[in-house]
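Participant: below: sequence and its predicted model.
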Amino acid sequence: MATEPIPVGQKTGTGSDTYLARALVDARLATAEEVQACINKQQKLAAAGTPMQLSEVLVRTGVVTASQLKRIANPADDSMSQSLQQIPGFQIMQKIGSGAMASVYKAKQLSLDRIVAVKILPKRLSEDPEFVKRFIAEGRAAAKLNHNNIVQAIDVGEYAGYHYFVMEFVDGRTVYDEMAKQRVYEEKAALDIIIQIAKALQHSHERGFIHRDVKPKNIMLTKDGTAKLADMGLARQANDAAAAEAEKGRAFGTPYYISPEQVRGVPDVDFRADIYSLGATLYHMVTGKVPFEGASPAAIMQKHLKEPLIPPDHLNPRLSTGLAEVVERMMAKDRNKRYASTSDLLTDLERIARGEAPLQAREGFDDKLLENLTTGDEAAEGVGSGYAQNMPGAGKSGVNAGLVAAAIVEGVLIIILLVVLIMK
């Protein structure tokens, strides 16, 4: 896989190896390669009859120090956790996630006797007005959305210098967690998840919000199979002209899934950026590869701008033609060639889930083909070449205009021959 390998291992006394590995990488205390090497060593030791916790292997090999490990692996000992124990109305239970911008804790909301998730800005970012403003905006954006496929916001507040955001606790995993196990989703399973997230986006778009960071890590999966869109950290109202102008020229998003217009930093990013990122997520799920890879985030983003997309059914021949067509339309580099609405996208996704052909993805296909046949323009190579980059079905599922024209001519000659024979 193109993303950083986050291994899944045995349980340890300080939490799962999965969490520990991810937390170390997210905190930049170790590289993914260093953690993977320690996992490999741990497995060899276990095979030799000397089982050892990952935390011990990490310290013995010098990847991290004992004090660094303690801060990462035992959240009850960090200063943030100690301070948050006093947040009125909440009992902090344990740390369940960590990233560069915030940590997430499992907690009990005492008034309603329910489990919630509390997202906390670290002290250094709580003192930065720009981060605080964005953090509060995330909570407010989520609070305006009420949908079964969106993680529900509950409260936003500040205590002892820490800004926190309380939300629905999702007892499950993310799509990213599944793919970290080298899983490639079957088409049906992937569509089930993507359709649910498309419904979440439809709800968001109808209320004027664009997510701007749709990706596997932000899709939560409950134990009953419900998919929930999480993390409104980059969400923005589509008509917020002041925010759009302030962010002009800056690329907001995740390089592997970012839309071309987000890379360019255009101020009028709209719902079509979310459609692109959802398409990139679906592509990754069913092929096991991200759409574009590169040596650096900048290199990857340049490929979103300029490099043709390898059709997903070229990487996974088991995929239906319909799914390939839909993904290619979702990921058209020119946003005007993507779906005109999230509703149109849902129509096509639900059709291919039922085994039917997509309607919207093929819109305009026949007109272009007939135009090429009429003008004799073989340069188009049957919706191929440059046009294929932005048309659904390019690649295996495309049609070669030259071959079609030859077939028509051949058919006409056969008819003429039959007429001559009859007249004789």
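Facilitator: Perfect, I can see it now. Numbering: from 1, shown residues only.
Participant: show me where the stretch 151-300 of the chain dips below the pLDDT cut-off.
Facilitator: Counting by pLDDT under 70, the ranges of the stretch 151-300 of the chain that qualify are 232-252.
Participant: let's see that with 80 instead.
Facilitator: Counting by pLDDT under 80, the stretch 151-300 of the chain has low-confidence residues at 160-161, 231-253, 267.
Participant: dihedrals phi and psi, the residue positioned nearest the centre of the chain?
Facilitator: What sits nearest the mean C-alpha location of the chain, by C-alpha atoms, centre = their mean, is residue 215, with 1.3 Å. Main-chain torsions, residue 215, degrees, to the nearest 10: phi -170, psi 170.
Participant: ok, it to residue 53 distance?
Facilitator: 31 Å (C-beta to C-beta, to the nearest Å). C-beta here means a position set from N, CA and C on the backbone, and glycine is covered the same way.
Participant: tell me the strands beside the lengthiest strand in the chain, with direction?
Facilitator: Looking across the chain with DSSP state E, the single longest strand is strand 90-98. According to DSSP bridges, strand 90-98 forms sheet pairs with strand 103-109 (antiparallel).
Participant: run the chain-centre distance for the strand it pairs with.
Facilitator: The chain centroid and the centroid of strand 103-109 are separated by 24 Å, computed with C-alpha atoms, centre = their mean, to the nearest Å.
Participant: try stretch 101-112
Facilitator: Here stretch 101-112 is found 24 Å from its chain centre; the criterion is C-alpha atoms, centre = their mean.
Participant: may I have the distance across that stretch, first residue to last?
Facilitator: End-to-end distance of stretch 101-112 (C-alpha to C-alpha, to the nearest Å): 29 Å.
Participant: contact partners of it?
Facilitator: Contacts to stretch 101-112, defined as C-beta atoms under 8 Å, 6 or more residues apart in numbering, come from residues 75, 80-81, 84, 89-98, 114-122, 125, 131, 135, 154, 166, 169, 233.
Participant: select only the buried ones of those residues in PyMOL?
Facilitator: Buried subset of those, written as a PyMOL selection, criterion 16 or more other C-beta atoms under 10 Å:
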select buried, resi 75+80+81+84+90+92+93+95+96+97+98+116+117+118+119+120+121+122+125+131+135+154+166+169+233
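Participant: where along the stretch 151-300 of the chain do the strands fall?
Facilitator: With DSSP state E, counting those that start in this stretch as the criterion, the stretch 151-300 of the chain has strands at 153-159, 162-168, 172-174, 209-210, 219-222, 227-229, 236-237.
Participant: so, low pLDDT: which residues of the stretch 301-424 of the chain?
Facilitator: Using pLDDT under 80, the stretch 301-424 of the chain drops low at 362-424.
Participant: what ranges does it have for its helices?
Facilitator: For the stretch 301-424 of the chain, helices defined by DSSP state H, counting those that start in this stretch occupy the ranges 312-315, 321-330, 342-353, 365-375, 385-388, 401-423.
Participant: quick check: which helices or strands does the second one pack against?
Facilitator: Just to be clear, that refers to helix 321-330. Applying 3 or more C-beta pairs under 8 Å, 6 or more residues apart in numbering; DSSP states H and E, one finds that helix 321-330 contacts helix 271-287, helix 312-315, helix 342-353.
Participant: can you put the ones you listed in a markdown table and add distance to residue 174?
Facilitator: Formatted as a markdown table, the helices and strands packed on helix 321-330 follow (distance: least, C-beta to C-beta, whole Å):
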| stretch | distance to residue 174 |
| --- | --- |
| helix 271-287 | 11 |
| helix 312-315 | 21 |
| helix 342-353 | 20 |
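Participant: in a markdown table: the ones you listed, plus mean neighbour count.
Facilitator: Formatted as a markdown table, the helices and strands packed on helix 321-330 follow (neighbours: other C-beta atoms under 10 Å):
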| stretch | mean neighbour count |
| --- | --- |
| helix 271-287 | 26 |
| helix 312-315 | 20 |
| helix 342-353 | 20 |
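Participant: closest one to residue 197 among these?
Facilitator: helix 271-287 (6.3 Å; C-beta to C-beta).
Participant: can you show me the CA trace of that closest one as CSV?
Facilitator: Extracted C-alpha coordinates of helix 271-287, given in CSV (Å, rounded to 0.1, in the frame of the first residue of the first chain):
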residue,chain,number,x,y,z
PHE,A,271,-18.9,20.2,-3.1
ARG,A,272,-17.1,18.8,-6.2
ALA,A,273,-13.9,18.7,-4.2
ASP,A,274,-15.6,16.3,-1.8
ILE,A,275,-16.7,14.2,-4.7
TYR,A,276,-13.1,14.0,-6.0
SER,A,277,-11.8,12.9,-2.5
LEU,A,278,-14.5,10.4,-2.1
GLY,A,279,-13.6,9.0,-5.5
ALA,A,280,-10.0,8.8,-4.5
THR,A,281,-11.0,7.0,-1.3
LEU,A,282,-13.1,4.5,-3.2
TYR,A,283,-10.2,4.0,-5.7
HIS,A,284,-7.9,3.1,-2.8
MET,A,285,-10.4,0.8,-1.2
VAL,A,286,-11.0,-1.4,-4.3
THR,A,287,-7.5,-1.4,-5.7
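Participant: just checking, what packs against that helix?
Facilitator: Other helices and strands packing on helix 271-287, by 3+ C-beta pairs under 8 Å, 6+ apart, are helix 175-179, helix 187-206, strand 209-210, helix 260-264, helix 312-315, helix 321-330, helix 342-353.
Participant: switch to 6 Å and redo it
Facilitator: Judged by 3 or more C-beta pairs under 6 Å, 6 or more residues apart in numbering; DSSP states H and E, helix 271-287 is in contact with helix 187-206, helix 312-315, helix 321-330.
Participant: highest average neighbour count across these?
Facilitator: Highest mean neighbour count of the helices and strands packed on helix 271-287: helix 321-330, a mean of 26 (counted as mean count of other C-beta atoms under 10 Å).
Participant: how big is the angle separating it from helix 342-353?
Facilitator: Counting by axes from the mean of the first three to the mean of the last three C-alpha atoms, to 10 degrees, helix 321-330 lies at 160 degrees to helix 342-353.
Participant: okay, helix 321-330 in PDB with CA atoms only?
Facilitator: This file holds the C-alpha atoms of helix 321-330, laid out as PDB (Å, rounded to 0.1, in the frame of the first residue of the first chain):
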ATOM      1  CA  THR A 321     -17.100  -1.400 -15.800                       C
ATOM      2  CA  GLY A 322     -19.800   0.700 -14.100                       C
ATOM      3  CA  LEU A 323     -17.700   1.200 -11.000                       C
ATOM      4  CA  ALA A 324     -14.700   2.200 -13.000                       C
ATOM      5  CA  GLU A 325     -16.700   4.700 -15.000                       C
ATOM      6  CA  VAL A 326     -18.100   6.300 -11.800                       C
ATOM      7  CA  VAL A 327     -14.700   6.600 -10.200                       C
ATOM      8  CA  GLU A 328     -13.200   8.200 -13.200                       C
ATOM      9  CA  ARG A 329     -16.000  10.700 -13.400                       C
ATOM     10  CA  MET A 330     -15.700  11.500  -9.700                       C
END
